[in-house]
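**Student:** have a look; sequence and predicted model below, questions after that.
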Amino acid sequence: MEQEEGIVMAANKKPRHKPHQARWNGDGIKLKAQPWKMAAVFNPLEAILDQLEQQGTIDATPSGVAIFKDAIDGHWYDSSVALMGVVDAYEIHERRTGRTIDLAALAKLANKLKYDMPIFSDETRACRACLLRMKAETVQMTAGYAKQLIMDFQLMEELQKVAA
């Protein structure tokens, strides 16, 4: 026991004068350990492909814009804009890592949906293969990297709006 200003105190009971630093690093966890985050990105894309393959149609607004309903938040979104957003984000990833994912099939699908063109089964198969490549890249990302990728994509979008 030590004596500090007349008070007897055990060494393990001494007050700490350092600020507490949390040890949990949620941003360092790989996304393969957080499948719900991957599902939030890929399930809507797979649902679009499922609908095209099983029904041969896509949901659309009265004006003909292709849309899909997000199962998580229940809102309807423009399918071509969502697909191109994912393509743009993964293009940023390609540039950063130097690895090629070959996103042409998804970009082509987005354009076909935007301009109301027919979509064929070989194109949806190519999109599924593209999604598999994207998933293989995504499972190796950390949550922090993915969050930064999304923020960089949003920044790119805002810069394009300002430039237009």
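**Tutor:** Received it, and whenever you're ready, just let me know what you need.
**Student:** find the nearest non-adjacent residue to Ala126, please.
**Tutor:** Excluding its sequence neighbours, the residue lying closest to Ala126 (C-beta to C-beta, 6 or more residues apart in numbering) is Ala105, at 3.8 Å. (Each C-beta comes from the backbone N, C-alpha and C, glycine too.)
**Student:** and Asn43, by the same measure?
**Tutor:** Using C-beta to C-beta, 6+ apart, the nearest residue to Asn43 is Ala71, at 6.6 Å.
**Student:** got the contact list for the residue nearest the centre of the chain?
**Tutor:** Geometric centre of the chain, nearest residue: Val41, 4.8 Å, by C-alpha atoms, centre = their mean. Contacts for Val41 (C-beta atoms under 8 Å, 6 or more residues apart in numbering) come out as 86, 138.
**Student:** again with Ile119
**Tutor:** Ile119 is in contact with 52, 109, 112-113, counting by C-beta under 8 Å, 6+ apart.
**Student:** now do Thr61
**Tutor:** Applying C-beta under 8 Å, 6+ apart, the residues contacting Thr61 are Ile67.
**Student:** and Glu46, how far from Tyr145?
**Tutor:** Using C-beta to C-beta, to the nearest Å, Glu46 is found at 23 Å from Tyr145.
**Student:** neighbour count for these two, which is higher?
**Tutor:** Tyr145 (17 against 13; other C-beta atoms under 10 Å).
**Student:** lovely, talk soon.
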